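A.B. asks: Got a sequence here, can you model it:
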Amino acid sequence: TMQGLHRCSNDVVQLDLSTTNSSSTSSSSSSLSIDVDESTEARITRLISEHPVIIFTRSSCCMCHVMKKLLATIGVNPTVIELDDHEIAALPHPSPTPAVFIGGASIGGLESLVALHVSGHLVPKLVQVGALWV
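C.D. replies: A predicted model of the protein is given here:
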């Protein structure tokens, strides 16, 4: 796994967004290390741009699993990032948690995701961003 990313379970990644450099064993710089000058907001924005489907959640939130199950039934395996309270505040726009982003765009919370699915617009959107092939 990348430095700063911690797997909490087999399907949830906890992201360490702290800017402290915990590498005390080696003084050589690694190309895989996270840029310590990158702000929490910048990291979140980068993650949103790098993943076609990404969910940001709190560790105690069970709604994230409902989102994941819904997407899994369609055939999509989203990236899931756990954030703490101050990191949640760094999400673009005031976002509910869990917050799902598809193709870099905020979809909103669970109700918005379900509404998108029920209206028939979720699958075309997932296909459009390359997260699903039909």
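A.B. asks: Low-confidence regions, this protein specifically.
C.D. replies: Within the chain, the ranges that satisfy pLDDT under 70 run 1-36.
A.B. asks: At which residues are the strands of it located?
C.D. replies: Counting by DSSP state E, residue ranges of the strands within the chain are 5-7, 13-15, 53-57, 79-82, 99-102, 105-108.
A.B. asks: contacting residues around the closest residue to Val129 other than its chain neighbours?
C.D. replies: In space, and not counting its chain neighbours, Val129 is closest to Gly103: 3.3 Å by CB to CB, 6 or more residues apart in numbering. Placement of C-beta: from N, CA and C, glycine included. Contacts for Gly103 (CB atoms under 8 Å, 6 or more residues apart in numbering) come out as 52, 125, 128-129, 131.
A.B. asks: Deepest-packed of the strands of the chain, please.
C.D. replies: strand 99-102 (a mean of 26; mean count of other CB atoms under 10 Å).
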